[in-house]
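# this is the structure alone, sequence omitted:
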């Protein structure tokens, strides 16, 4: 029973991580139709922000707003300089963001060298949850990540800003002629997507090696979540993260980690096949 | 156009995801294919700056190609290799070069990717026309470039620690193999810690798998028991379930064959879960200094690491190199460790063999390499075996509280249990 409880918490931890890592990808793809292969590098920048904040003697948690602001501006700038010109061609956005990801990784190597940077766990130690001892930081990560994902999703589904974005998604021409400044909404949506990735980077930084390669390990997982959850609804990110986390944790527990990855990939292929039969409109 | 059908978007997404996976697998990718760096530490300048009374060197330089990972996931091992290659040029030229000719190093980066490695090797052999290739890179790159060295009939010294079993007409393998790194150290660690139950955790590829096959034998021979064995895909970020499994197995010893970022993520998370060195003692076989530094002393304190080189070795050759290296480069961010030291030693071996053969002609050098014994390496006395591997001392270092390494045991002249009949 206790083992099951720990696996449940492990699964929740993975769910929260996957959810917040995939959130920005889901927003940018679901709403704007842009496949951002530099999403992982946005996560990487967030992790480096956490390093800089901690290295500068500041409180680790300050890195969350700091990364959100930095990445919001990075994301907005990328939209204005790079993405804006190529919305009509999804394959071009893939190439452009692929190129961007290489540039960002190399920049990171120039600025921070190839050496891995250490972000110390801000709350070391463990806490008892219903008789199960679990690392405190992971518990906090589960709560913080979930809150941020929910807040961002509410912003897009319940607020006036969300309504505007949804209007653009539904019909750009009509939205524009009704007086909506679509270009501003695009910048905001891309900026928020990038900011979410940055926050994800801050949250995972104390758990992993912070180096220029970190984005590459998170990108496939984020894509899996978006494929499995679908993007007709933004909440698909939550569903996708839940399914992928359950499969990965379950298969790792009962079989092994290699089969867990295979299972997650098979799941994605199945979801792709299922989606081919329907040609539903993209809504939120 | 924002109303693209769901399935169209799904197809694009699938294509992009495939690309994402490829990026993750190949890392930095082909953009760096042409990034074959060439340092040109010409003999004149290096001897002049050193101011040593170097003998007259004349003729075309002997070119030593170094194939290593300077970008991608294994890129962290790159800078020390690039640095030490400058010292090895100084040293070989200072000692009279190779048959009176100066040596020159050509560096080539495989970007931790076999395909890029193949292109880099082609460039070394065809454009740069090197006389020998020394490599520290993955086994995957080795398999990709070996046929090229064979076709070009150029000596190829693979100097990285690896799983063993290599046997090729143009190759010598001077890195540590499991029969050296693990066979003597497994019973030693069991004796030190009193532990008997082992958990084997590795990345999912050839080196960890083959090493663990042998480790199992060594453990059982020494009266131990393997209570768990797991492999994780390269690039794993979340180790919570694995840590749980290790904890459930009640193992008291852990053999972690994890590389780069995976090693750092695993050890960091294991400590969070209360499975640190105090709970389960580690005998690591690839946690070299660059990786240990990234984990931080609170994670590494007390770990045992088994390798053929630590910069703390107190022989004269090593102390001289460490002193000069520290003067010219940053030892704290790019410390000399197993891979870079083996590059230096392989070049020394090659130069010694070519001088003995009085030529750089391939057949003659390969023959001279066979059975060669030399004392001037960073790891003291070494000897090439009939199986084309290297008899060398194996050291166990224990990581101290401040993160430094202290050599706590040395197994002198450990013979690699390899066979090679050509």
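Perfect, I can see it now. Since we're looking at a predicted model, the values are computed, not measured.
# count the residues that sit near residue 131.
All of this is about chain A. 8 (other C-beta atoms under 10 Å in any protein chain shown). C-betas here are computed from N, CA, C, even on glycine.
# please go with chain B instead
23.
# give me the element the residue nearest to it when sequence neighbours are not counted is part of.
Excluding the flanking residues, the one nearest residue B:131 by C-beta to C-beta, 6 or more residues apart in numbering or on different chains is residue B:360, at 4.7 Å. Using DSSP states H and E, residue B:360 falls within no helix or strand.
# I'd say residue B:360 and residue B:98 touch.
Yes: if you go by C-beta atoms under 8 Å, residue B:360 and residue B:98 touch, sitting 6.5 Å apart.
# list the contacts for the residue nearest to residue B:131?
By C-beta atoms under 8 Å, 6 or more residues apart in numbering or on different chains, the contact list for residue B:360 reads B:62, B:98-99, B:131-132, B:354.
# that older thread, anything in contact with each of residue B:360 and residue B:98?
B:62, B:354.
# ends of stretch B:199-215, what's the gap?
Terminal residues of stretch B:199-215 lie 11 Å apart, using C-alpha to C-alpha, to the nearest Å.
# for the residue lying closest to residue B:224 once chain neighbours are set aside, what are its contacts?
Among residues not flanking residue B:224 along the chain, residue B:196 sits closest, at 4.8 Å (C-beta to C-beta, 6+ apart). Applying C-beta under 8 Å, 6+ apart to residue B:196 gives the contacts B:190, B:223-225, B:252-253.
# farthest pair within those residues?
B:223 and B:252 (13.6 Å; C-beta to C-beta).
# between these two, tell me which one has more neighbours.
Taking other C-beta under 10 Å, residue B:223 and residue B:252 do not tie; residue B:252 has more neighbours (18 against 9).
# what's the spacing between that one and residue B:275?
As judged by C-beta to C-beta, to the nearest Å, residue B:252 and residue B:275 stand 11 Å apart.
# equivalent analysis for residue A:83, please.
44 Å.
# just residue B:60 next, same as before
In terms of C-beta to C-beta, residue B:60 sits 57 Å off from residue B:275.
# which of those two has more neighbours?
residue B:275 (22 against 10).
# three-state assignment of the more buried one?
What DSSP: H, G, I helix; E, B strand; the rest coil gives for residue B:275 is coil.
# can I assume it is in contact with residue B:246?
Yes: between residue B:275 and residue B:246 there is a contact at 6.0 Å, judged by C-beta under 8 Å.
# which ones are touching residue A:43?
If you count contacts by C-beta under 8 Å, 6+ apart, residue A:43 has them with A:21, A:197-198, A:200-201, A:204, A:214-215, A:218.
# all strands in the stretch 1-150 of chain A, in order from the N-terminus.
A:126-129, A:132-135 (DSSP state E, counting those that start in this stretch).
# hmm, the last one touching chain B?
Translated: strand A:132-135. Yes: Strand A:132-135 is in contact with chain B by C-beta under 8 Å from any C-beta of the partner chain, via A:133, A:135.
# ok, that strand: who's next to it in the sheet?
Note on strand A:132-135: by DSSP bridges, its sheet partners are strand A:126-129 (antiparallel).
# could I get the average pLDDT for the strand it pairs with?
Strand A:126-129 carries an average pLDDT of 90.
# report pLDDT for residue A:235.
So residue A:235 comes in at 85 (pLDDT).
# circling back to that earlier point, restricted to strands, list the contacts of residue B:196.
When DSSP state E is applied, the contacts of residue B:196 are split such that B:225, B:253 fall in strands.
# burial count for residue A:270?
There are 12 residues near residue A:270, going by other C-beta under 10 Å.
# by contact count, what packs against the helix or strand it falls within?
Counting by DSSP H and E, the element that carries residue A:270 is helix A:257-277. Packing partners of helix A:257-277 (3 or more C-beta pairs under 8 Å, 6 or more residues apart in numbering or on different chains; DSSP states H and E): helix A:214-229, helix A:236-254, helix B:6-26, strand B:225-232.
# pick the most deeply packed of the strands of the stretch 1-150 of chain A.
Greatest average neighbour count among those goes to strand A:132-135 (a mean of 19), per mean count of other C-beta atoms under 10 Å in any protein chain shown.
# residues contacting that one, please?
A:2, A:5-6, A:9, A:125-128, B:269, B:272-274.
# now do 7 Å
When contacts are defined by C-beta atoms under 7 Å, 6 or more residues apart in numbering or on different chains, strand A:132-135 is touched by residues A:2, A:5-6, A:9, A:126-127, B:272-273.
# just the mean pLDDT for that strand, thanks.
Mean per-residue pLDDT for strand A:132-135: 90.
# how about the helices in the stretch 51-200 of chain A?
Assigned by DSSP state H, counting those that start in this stretch, the helices in the stretch 51-200 of chain A fall at A:63-78, A:90-112, A:136-158, A:160-170, A:172-177, A:182-204.
# report pLDDT for residue A:29.
Confidence score, pLDDT, at residue A:29: 85.
# helix or strand next in line after whichever strand or helix holds residue B:117, which one?
Using DSSP H and E, residue B:117 maps to helix B:114-122. Remark: after helix B:114-122, the chain's next helix or strand is strand B:132-136, criterion DSSP H and E.
# and stretch B:61-71, how far out from the chain's middle?
With C-alpha atoms, centre = their mean, to the nearest Å as the basis, stretch B:61-71 stands 14 Å off its chain's centre.
# give me the distance between residue A:17 and chain B.
Per C-beta to the nearest C-beta, to the nearest Å, residue A:17 is found 7 Å from chain B.
# can you get me a residue count around that residue?
With other C-beta under 10 Å as criterion, residue A:17 counts 25.
# residue contacts, it?
A:145, A:204, B:238.
# now the angle from the longest helix that chain A contains to helix A:182-204?
Using DSSP state H, we find that the single longest helix of chain A is helix A:2-32. Angle between the axes of helix A:2-32 and helix A:182-204 is 160 degrees (criterion: axes from the mean of the first three to the mean of the last three C-alpha atoms, to 10 degrees).
# where are the low-confidence patches of the chain?
By default, I'm working from chain A. A:1, A:276-284 (pLDDT under 70).
# to clarify, I was referring to chain B.
Residues of chain B that meet the cut-off, pLDDT under 70, sit at B:1-12, B:15-16, B:19-55.
# any idea how it splits into domains?
B:33-176+B:311-391, B:183-284 (automatic domain parsing).
# now these in a markdown table, with distance to residue A:257?
Shown next, in a markdown table, are these (distance: least, C-beta to C-beta, whole Å):
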| stretch | distance to residue A:257 |
| --- | --- |
| domain B:33-176+B:311-391 | 18 |
| domain B:183-284 | 4 |
